[in-house]
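**Student:** predicted coordinates and the sequence they were generated for:
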Amino acid sequence: MSATFLGIDVGTTRTKAVVLAPDGVTVLATAAAPTPQGTAGDVAVHSPEVVRDVAVGAARRALADAGPEARAALGGIAVTSVGEEAVLLDAAARPVGDVPTWFSGVGHDAAREHAAELDRRAPVTGLRHPEYTVHALAWWARTRPDQARAAVTLTDLGSWLLSSLGPGDLVMDHSHASRTGLFDAPTRSWRPDGLDVVGMGGLTLPRLVPSGTVVGELGAPAAEQFGVAPGVPLVSGGHDHFCGALAAGARSPGDLFVSAGTSEAHLLVTDALDPAATAGSEVGCFVADGLFYLHAALPSGGLYLSWTRLLGLDPATPLDLLLGDEPVGSRGVRGSISAERRLSLADVPLDVTPATLLRALMETTAVASRDLTRELSRTAGRSVVRRLLAGRPTESPAWREIRTAVGEGEAAFVDADEATALGAAHLAVRAVTGTLPPPVPRRRPDPDLPAARREEYRRALG
């Protein structure tokens, strides 16, 4: 048996592990567990050590299920994780405390306070999102001063977990660095002066590496936990959304990956970043060598959850049952989503039904996605060649039809279980063998959309 590969994903809600067969396509085994989350005061946090225990447990179960031959053939391990959560480490490389989650909001006030000074002293291409690591560091300096003083360096949660598995360098890959607000993507270099602005000037930033770089080897203690031999290459992973995009097939300039969940992430892959054109955009390095991304999101899934509950419906009910035979155009009800992520509906009749409102919401979010895609395309100076759409909504034929009719570029609907962990495994394969495996072959059925039906959508939604 040739080499197998292990991908681990530390996600917001679940931690997953997949074992990839030597053919680079077949998944031999998977395992998952809830990502443990706690609180510190009123702040949602992840404990690095507790998260590590869960990740190691998931990896051990996946390897056990894959069987002894697959374990003996293990040829590489890579880890992906949530993007903006940084582990602060002391001089002995131990975490100084729990990590505020990316969605905790601890850096939002600091983002407003320090924006101008960061831009003056440590300019980077693109904007600094309020959730970026640099703003959380300002919170850390103010509210956890003892921990902040004890810290000598930092890295992302996934890279720290990887470093804890054996001897190797403490690094940060370019895609995670792109989410710190301290990294300039076009030059692939740190802007460390930003640390002084937020009161953390004593930190040393880690060595930067591309995603898919061998940075160490599995040590004996972790190897015993996994049930494998020590010495397996440890490979830098990347931001979880970007690893999922890689597994789904977003690998070339003009590929757009849409991850439809509570927040509908849009990721456009490009081969260049113009600092002038992208000044107001989220940009960074993709997990494939030499490529960049533009990133933006819509609150599509969050709106759906809110509205189904407001209408007294069960959000777990299949969308097609809730929509019934509602026509294209939602009987004239129109909607829009503002820059402040607020939904407005117009022309709502007094006798409107829940099905009509849900259909209007689906069409509104499709139009918003199309408009957002066009804006990303204009900013990047790159036409969208194809859209790869993944997530639970793709299970619905009605949703697939709406998104096929309304959007830029050819649409394909990806059925990729554990895509983020699989993307990490793909990076491990590339690092060890020099070849990137093919994307997941599974696609959901394309909708049958005759020309007359397309024309209905065009007339109703433009």
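**Tutor:** Structure's in. What do you need? Numbers count the residues shown, from 1 in each chain.
**Student:** where is the longest helix in the chain?
**Tutor:** Counting by DSSP state H, the longest helix found in the chain is helix 354-380.
**Student:** elements contacting the helix or strand just after that one?
**Tutor:** Next along the chain after helix 354-380, taking DSSP states H and E as the criterion, comes strand 386-390. Judged by 3 or more Cβ pairs under 8 Å, 6 or more residues apart in numbering; DSSP states H and E, strand 386-390 is in contact with helix 240-248, strand 255-259, helix 397-405, strand 410-414. Placement of C-beta: from N, CA and C, glycine included.
**Student:** wait, which of the ones you listed is closest to Leu319?
**Tutor:** Proximity to Leu319 (Cβ to Cβ) singles out helix 397-405 among these, at 5.9 Å.
**Student:** name the nearest residue to Arg334, sequence neighbours excluded.
**Tutor:** Nearest in space to Arg334, with sequence neighbours left out and distances taken as Cβ to Cβ, 6 or more residues apart in numbering, is Ala346 at 5.0 Å.
**Student:** and the one you found, how far from Val352?
**Tutor:** According to Cβ to Cβ, to the nearest Å, Ala346 stands 12 Å off from Val352.
**Student:** any common contacting residues for the two?
**Tutor:** Counting by Cβ atoms under 8 Å, 6 or more residues apart in numbering, the common neighbours of Ala346 and Val352 are Val333.
**Student:** looking at those two, which one has more neighbours?
**Tutor:** Between Ala346 and Val352, counted using other Cβ atoms under 10 Å, Val352 has the larger neighbour count: 15 against 10.
**Student:** touching, the more buried one and Gly332? I think so.
**Tutor:** No. Val352 is beyond contact range of Gly332, at 10.0 Å (criterion: Cβ atoms under 8 Å).
**Student:** now do the contacts for Gly24.
**Tutor:** Counting by Cβ under 8 Å, 6+ apart, Gly24 touches 426, 429, 435, 437-438.
**Student:** same deal with Gly75?
**Tutor:** 2-5, 232-233, 428, 432-433.
**Student:** and Val25, by the same measure?
**Tutor:** By Cβ under 8 Å, 6+ apart, the contact list for Val25 reads 437-438, 440-441.
**Student:** same check, this time on Ala32
**Tutor:** By Cβ under 8 Å, 6+ apart, the contact set of Ala32 is 14-17, 58, 418.
**Student:** how about those residues in a markdown table, adding secondary structure?
**Tutor:** Conversion of the contacts of Ala32 to a markdown table gives the following (DSSP: H, G, I helix; E, B strand; the rest coil):
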| residue | secondary structure |
| --- | --- |
| Arg14 | strand |
| Thr15 | strand |
| Lys16 | strand |
| Ala17 | strand |
| Ala58 | helix |
| Glu418 | coil |
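**Student:** how about stretch 53-64, which residues are buried there?
**Tutor:** For stretch 53-64, the neighbour count (16 or more other Cβ atoms under 10 Å) marks 54-56, 58-64 as buried.
**Student:** from the opening residue of stretch 23-36 to its closing one, how far?
**Tutor:** Counting by Cα to Cα, to the nearest Å, you get 33 Å between the two ends of stretch 23-36.
**Student:** cool, stretch 279-286 as well?
**Tutor:** End-to-end for stretch 279-286, by Cα to Cα: 18 Å.
**Student:** can you give me the helices for the stretch 101-250 of the chain?
**Tutor:** Taking DSSP state H, counting those that start in this stretch to define them, one finds helices in the stretch 101-250 of the chain at 108-121, 133-143, 145-150, 157-163, 174-177, 193-197, 220-226, 240-248.
**Student:** quick one: closest of these to Glu455.
**Tutor:** Checked against Cβ to Cβ, the stretch from these lying closest is helix 240-248, at 30.0 Å.
**Student:** pull the distance from that closest one to the chain's centre.
**Tutor:** Mean-position distance between helix 240-248 and its chain equals 7 Å (Cα atoms, centre = their mean, to the nearest Å).
**Student:** for it, packing partners?
**Tutor:** On a contact count with 3+ Cβ pairs under 8 Å, 6+ apart, helix 240-248 meets strand 4-10, strand 74-81, strand 255-259, strand 264-270, strand 386-390, helix 419-433.
**Student:** would you turn these into a markdown table with distance to Leu323 and mean pLDDT?
**Tutor:** A markdown table is the format used below for those (distance: least, Cβ to Cβ, whole Å; pLDDT from 0 to 100):
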| stretch | distance to Leu323 | mean pLDDT |
| --- | --- | --- |
| strand 4-10 | 32 | 97 |
| strand 74-81 | 34 | 97 |
| strand 255-259 | 20 | 94 |
| strand 264-270 | 18 | 94 |
| strand 386-390 | 18 | 92 |
| helix 419-433 | 26 | 95 |
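**Student:** quick one: these as CSV, columns for distance to Arg120 too.
**Tutor:** Shown next, in CSV, are these (distance: least, Cβ to Cβ, whole Å):
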stretch, distance to Arg120
strand 4-10, 35
strand 74-81, 31
strand 255-259, 34
strand 264-270, 27
strand 386-390, 38
helix 419-433, 36
